[in-house]
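S.K.: for reference, the sequence and a predicted model appear below.
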Amino acid sequence: MSLFRRREPPLPKAAVCFALPFRTRRAADWLRNLGGCRPIGVLSDDCGDVAWQCAAEQADLLLLETDFTEGVEDKDVSARCDIAVEVRRKLPDCRVYLVCEDGHPEKLAALEKAVELKLIDGYCIGGLTARQAEIWLAETARAMNERTEP
């Protein structure tokens, strides 16, 4: 028996910013119940506010919801990529994923280009499933462990 307990790796801090505050709170609660992270709800989706709160909380992962509704350009792919760039300027190792609504195949090229340019780490179209969230959390935890290992 050892007097020293094996230290478990820290759980990723997952910042969540959805289109509406109640959806953000619901998504953060869902992640908390799913486990594998410490979720943080970012209730403002202003670029500066999101970047500031992610930096203040030292987020390891950011989930951003897009909104493809006609005329809602501040929540589209390019606006969300602007937030991702600003967050990564403050937290270079933060992984950023977009949660996109289904039914907009014309947005696929922009999403693929954002991943190709490494503006975001990935995206899902339709509802975020527990399996997809677990994959993203595992990728984040793996990246965190790689940063801390000598």
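M.R.: Sure thing, it's come through.
S.K.: buried sites along the worst-scoring helix or strand of the chain on mean pLDDT?
M.R.: Between all helices and strands in the chain, the lowest mean by mean pLDDT, DSSP states H and E belongs to helix 130-148, at a mean of 91. Neighbour counts over helix 130-148 (16 or more other C-beta atoms under 10 Å) mark Gln132, Ala133, Trp136, Leu137, Glu139, Thr140, Ala141, Ala143, Met144 as buried. Glycine gets a C-beta too; all of them are placed from N, C-alpha and C.
S.K.: wait, doesn't the fourth one sit right on Arg32?
M.R.: Spelled out, it's Leu137. No - taking contacts as C-beta atoms under 8 Å, Leu137 lies outside contact range of Arg32: 12.0 Å.
S.K.: returning to that earlier point: who does the least confident helix or strand of the chain touch, helix- and strand-wise?
M.R.: Using 3 or more C-beta pairs under 8 Å, 6 or more residues apart in numbering; DSSP states H and E, the elements in contact with helix 130-148 are helix 21-34, strand 61-65, strand 95-100.
S.K.: now do it: distance to the chain's middle.
M.R.: How far helix 130-148 lies from its chain's middle: 11 Å, per C-alpha atoms, centre = their mean, to the nearest Å.
S.K.: quick check: the closest residue to Glu101 other than its chain neighbours vs Ala27, distance?
M.R.: Nearest residue to Glu101 in three dimensions, chain neighbours excluded: Phe68, at 5.8 Å (C-beta to C-beta, 6 or more residues apart in numbering). Separation of Phe68 from Ala27 (C-beta to C-beta, to the nearest Å): 18 Å.
S.K.: same deal with Glu65?
M.R.: Glu65 is 8 Å from Ala27, by C-beta to C-beta.
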